[in-house]
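Asker: Provide a 3D model corresponding to the input given below.
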Amino acid sequence: MTLYAESSAVVSWLLGEPTAEAVRRLLAASELVVASDLTLVECDRVLIRAATTGVLPEADAAERRARLVTAAAHWNVLTIDDDTIERARRPFPSEPIRTLDALHLASALLARSAVPDLTLLSLDDRVRSNGEHLGFRVAPR
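Answerer: Residues are numbered from 1 along each chain as shown. Model prediction:
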């Protein structure tokens with residue numbers, strides 16, 4: 001399986017939310033994981049916010065940040081380039097959609113042009129709905 005890892009799923013894994021184990025299994029079982037720079041930025045920001053607000057002790061946040069860095073070292077991380085921005089600026093099948101979600105969907109579409117059998121790993125309902133309308137398999141089910 002090849003996956004595009006959208007932030008909502010990766011954050012769930014990092015924070016140990018109820019869906020974390022399913023996300024971890026999917027990431028571990030994938031032959032290829034593609035993510036956007038945006039995924040890494042959003043995950044880091046969530047961990048910084050959790051530590052700053054006292055939701056997580058700083059040591060726990062640092063350990064989870066290290067886990068993200070280790071995992072991402074094995075992923076193909078896409079930059080947000082002009083093509084991604086141009087696609088994100090156009091409508092998606094299920095509007096309205098937030099800006100960062102549009103950037104994720106645009107990144108996944110561009111990745112799919114190189115990796116046709118790409119599954120969209122997301123827990124966000126709007127991203128999942130748009131992904132399905134765009135012809136992606138969506139995980140977890």
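Asker: give the contact list for Val55.
Answerer: Arg49 (Cβ atoms under 8 Å, 6 or more residues apart in numbering). From N, CA and C alone the C-beta is placed, and that goes for glycine too.
Asker: quick check: pLDDT value at it.
Answerer: Looking at Val55, its pLDDT is 95.
Asker: what's the helix or strand for it?
Answerer: Using DSSP states H and E, Val55 is not contained in any helix or strand.
Asker: how close does it sit to Thr2?
Answerer: 33 Å (Cβ to Cβ, to the nearest Å).
Asker: kindly report the same for Phe92.
Answerer: Distance from Phe92 to Thr2, by Cβ to Cβ: 22 Å.
Asker: ok, the two, which is more surrounded?
Answerer: Between Phe92 and Thr2, counting by other Cβ atoms under 10 Å, Phe92 is the more crowded of the two (21 against 16).
Asker: how many neighbours does the closest residue to that one other than its chain neighbours have?
Answerer: Among residues not flanking Phe92 along the chain, Asn130 sits closest, at 4.8 Å (Cβ to Cβ, 6 or more residues apart in numbering). By other Cβ under 10 Å, the residues close to Asn130 number 25.
Asker: and the helices in the protein?
Answerer: 7-15, 20-29, 37-52, 58-72, 82-88, 99-114, 125-133 (DSSP state H).
Asker: any buried residues in the last one, and which?
Answerer: Taking 16 or more other Cβ atoms under 10 Å as the neighbour-count basis, helix 125-133 is seen to contain the buried residues Arg126, Val127, Arg128, Ser129, Asn130, Gly131.
Asker: list of residues touching it?
Answerer: Helix 125-133 is contacted from outside by 6, 8, 92-94, 97-98, 101, 104-105, 108, 120, 122, 138, using Cβ under 8 Å, 6+ apart.
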